[in-house]
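>>> just need the structure, nothing else, for what follows:
(2 chains)
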Amino acid sequence: KAGVTQTPRYLIKTRGQQVTLSCSPISGHRSVSWYQQTPGQGLQFLFEYFSETQRNKGNFPGRFSGRQFSNSRSEMNVSTLELGDSALYLCASSTAAGGTTDTQYFGPGTRLTVL
Amino acid sequence: AQSVTQPDIHITVSEGASLELRCNYSYGATPYLFWYVQSPGQGLQLLLKYFSGDTLVQGIKGFEAEFKRSQSSFNLRKPSVHWSDAAEYFCAVMGYGGSQGNLIFGKGTKLSVKP
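Below is the predicted model of the structure:
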């Protein structure tokens, strides 16, 4: 079974631009979560989608948004990029079956650099 | 508010020596706890998780962790470290919202292994 895939793997943008990152979950997984990883703040939860609905949201400004499609693929969008948005963006998927059997599987991440 | 503290930023151990990585959490109810490992340029891989029951949890790659409610700790251990264990380790607690898709991570502990 293929793992979580994220595209693109690397991205360079300039301040003020917007960017869209994509995440394809493991087949059969219905939950997709996004995290931002930076050296200063570490790993921070952005949001989680389940069955095309946002289920949880972290403490990020409205410039960060996401969506999930009917095939469970998810996109994350960041508008009006700032230098501080430079980070590794990780996506994770799970079956969201709940309980102890559920496990999140992480993708390799998208490295975003804002110049 | 929920939080996770990993007091050690960087630890160096000799190959074959034992390892203990510390993790303390703050959570208002019974926590769901996780340990993840991240190798350079890679996503996160789940080592083990604790939901309830036996406080000593076995994971992959020979790792185990012990949940101690009285100390609010969930320390990760390995009896004999291998050079391939060099990586960054993250402790996490599931955030409020009842979903494993919302994880709160510690800042991580980087493990170096001396030959």
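>>> list the contacts for B:Phe63?
B:35, B:47-48, B:76-78 (Cβ atoms under 8 Å, 6 or more residues apart in numbering or on different chains). (Glycine included, C-beta is placed from N, CA and C.)
>>> buried stuff in stretch A:62-70?
Within stretch A:62-70, the residues that count as buried by 16 or more other Cβ atoms under 10 Å in any protein chain shown are A:64-68.
>>> now intersect the residues you listed with the strands, please.
Among these, the members falling in strands (DSSP state E) are A:64-68.
>>> need the strands for the chain, in chain order.
Unless you meant another one, I'm taking chain A. A:5-7, A:10-13, A:19-24, A:31-38, A:42-50, A:53-57, A:64-68, A:74-78, A:87-94, A:105-106, A:110-114.
>>> that was the other one, I meant chain B.
Under DSSP E, chain B gives strands at B:3-5, B:10-14, B:19-21, B:24-26, B:33-38, B:44-50, B:56-58, B:64-68, B:73-78, B:87-94, B:103-105, B:109-114.
>>> for the second one, the distance to its chain's centre please.
With Cα atoms, centre = their mean, to the nearest Å as the basis, strand B:10-14 stands 15 Å off its chain's centre.
>>> quick one on the thing from earlier: nearest to A:Ala96, of the ones in strands among the buried residues of stretch A:62-70?
A:Ala96 lies nearest to A:Gln68 out of those, by Cβ to Cβ, at 11.5 Å.
>>> from A:Glu52, how far off is that closest one?
Distance from A:Gln68 to A:Glu52, counting by Cβ to Cβ, to the nearest Å: 5 Å.
>>> look at B:Gly108 and say how many residues are nearby.
Using other Cβ atoms under 10 Å in any protein chain shown, the number of residues around B:Gly108 comes to 22.
>>> and the gap between it and chain A?
Here the criterion is Cβ to the nearest Cβ, to the nearest Å. By it, B:Gly108 lies 6 Å from chain A.
>>> need the contact list for that residue.
Listed by Cβ under 8 Å, 6+ apart, the contact set of B:Gly108 reads A:42-43, B:6, B:9, B:38, B:88-90.
>>> now for the strands of chain A, which one comes closest to B:Ser84?
That would be strand A:105-106 among the strands of chain A, by Cβ to Cβ, at 18.9 Å.
>>> what lines up beside that closest one in the sheet?
Here strand A:105-106 has these sheet partners by DSSP bridges: strand A:87-94 (antiparallel).
>>> so which bits of the partner strand are buried?
Across strand A:87-94, burial judged by 16+ other Cβ under 10 Å covers A:87-94.
>>> same question for stretch B:74-94.
Within stretch B:74-94, the residues that count as buried by 16+ other Cβ under 10 Å are B:74-76, B:78, B:81, B:85-94.
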